[in-house]
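S.K.: Whatever this is, show me its structure:
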Amino acid sequence: MLKKLKLKPDKAATQIVHRDRHAFYIATLALIASTIEKIATEIRNLQRTEIAEVEEPFAAKQKGSSAMPHKRNPVKSEQLCGLARLVRSYVIPAMENIVLWHERDISHSSVERVILPDATTLIDYMLDRLNYILSGLRVNTDKMMENIMLTRGHIFSQRLMHRLIRAGLPRETAYLLVQGRAMASWAKGLDFREEVIKDGEIRRYISLEEIEALFDLDVYIRYVNYIFKRVFGGKR
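M.R.: Here you go, the predicted model:
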């Protein structure tokens, strides 16, 4: 049977196999559950009304809330977050099962009859559920751009600071210069790029063309295809 399953016998077994193997398995499932929860939590946050950048699949006759008909709550992602807590809760009993009297008592047996099949089945269900969510995930790129524009260009302050440093300014000087301009324009509700263009001190070090190039969103996603190939394979 071991040969058929491509497994090897334990080199130092007693009447039973040491339970650290089982604990490691359950801990691995808990890590998988936590990663699933991390993804589901991000979807829940991004689906909030004030962000609204993504939305999990929502069937035509599905109810988002039994009390408020307008709601489209991310119930599937919420479910995954709850199940992740349950899977993680099995790590403690799995660890406690390692300690047995004289290397053999049956205190572990009753626990394993619950946690092993339950954790395994839960992870299978959670992975299937997550695949369904991601396959049907609705992405609102217009809302993403709208949210970016809410910053009025202030997200580019770091690029501006780095360019000033390359122009010869000490880092602290460049930081304080950009910070002062950014704080002032933010407080007044002004566009950061326009204020930078009009700033004589900054223009001493950076040309108009360079400033325009600094406020380019495409810079932040220029390696997306490379990263996808690195993760999922294919020629770089």
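S.K.: tell me which element residue 108 falls in.
M.R.: Assigned by DSSP states H and E, residue 108 falls within helix 107-135.
S.K.: Tell me where the model's unsure across the chain.
M.R.: Along the chain, the parts satisfying pLDDT under 70 run over 234-236.
S.K.: Distance of the residue lying farthest from the centre of it relative to residue 16?
M.R.: Centroid-distance maximum for the chain: residue 102 at 44.3 Å, with Cα atoms, centre = their mean. According to Cβ to Cβ, to the nearest Å, residue 102 stands 11 Å off from residue 16. Heads up, the C-betas are built off the backbone N, CA and C, glycines and all.
S.K.: So if we follow the domain assignment, how does this protein break up?
M.R.: Annotated domains of the chain cover 15-58+70-146, 151-233 [the TED database].
S.K.: tell me how far the ends of the longest one are from each other?
M.R.: Spelled out, that is domain 15-58+70-146. Length of domain 15-58+70-146, first residue to last, Cα to Cα, to the nearest Å: 64 Å.
S.K.: Next: the shortest one.
M.R.: The first residue of domain 151-233 is 35 Å away from its last residue (Cα to Cα).
S.K.: gap between that domain and the chain center?
M.R.: Computed by Cα atoms, centre = their mean, to the nearest Å, the chain-centroid distance of domain 151-233 equals 26 Å.
S.K.: now stretch 90-103
M.R.: Relative to the chain's own centre, stretch 90-103 is displaced by 32 Å; criterion: Cα atoms, centre = their mean.
S.K.: what's stretch 178-187 in contact with?
M.R.: Residues from elsewhere that reach stretch 178-187, judged by Cβ atoms under 8 Å, 6 or more residues apart in numbering: 152, 154, 157, 160-161, 164, 191-192, 195-196, 199, 202.
S.K.: and these as a markdown table, adding distance to residue 112 and secondary structure?
M.R.: A markdown table is the format used below for the contacts of stretch 178-187 (distance: Cβ to Cβ, whole Å; DSSP: H, G, I helix; E, B strand; the rest coil):
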| residue | distance to residue 112 | secondary structure |
| --- | --- | --- |
| 152 | 58 | coil |
| 154 | 55 | helix |
| 157 | 55 | helix |
| 160 | 59 | helix |
| 161 | 57 | helix |
| 164 | 62 | helix |
| 191 | 62 | coil |
| 192 | 59 | helix |
| 195 | 65 | helix |
| 196 | 64 | helix |
| 199 | 68 | coil |
| 202 | 66 | helix |
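S.K.: Can I get the buried part of those residues as one ChimeraX selection?
M.R.: Here is the ChimeraX selection string for the buried members of the contacts of stretch 178-187, based on 16 or more other Cβ atoms under 10 Å:
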select :152,154,157,160,161,164,192,195,196,199,202
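S.K.: coming back round to it: format the domains of the chain as CSV; extra columns: distance to residue 3.
M.R.: Formatted as CSV, the domains of the chain follow (distance: least, Cβ to Cβ, whole Å):
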stretch, distance to residue 3
domain 15-58+70-146, 17
domain 151-233, 32
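S.K.: re the thing from before, what element comes up after the helix holding residue 108 heading to the C-terminus?
M.R.: Counting by DSSP H and E, the element after helix 107-135 in chain order, helix or strand, is strand 138-139.
S.K.: Give me the residues contacting that following strand.
M.R.: By Cβ under 8 Å, 6+ apart, strand 138-139 touches 53-57.
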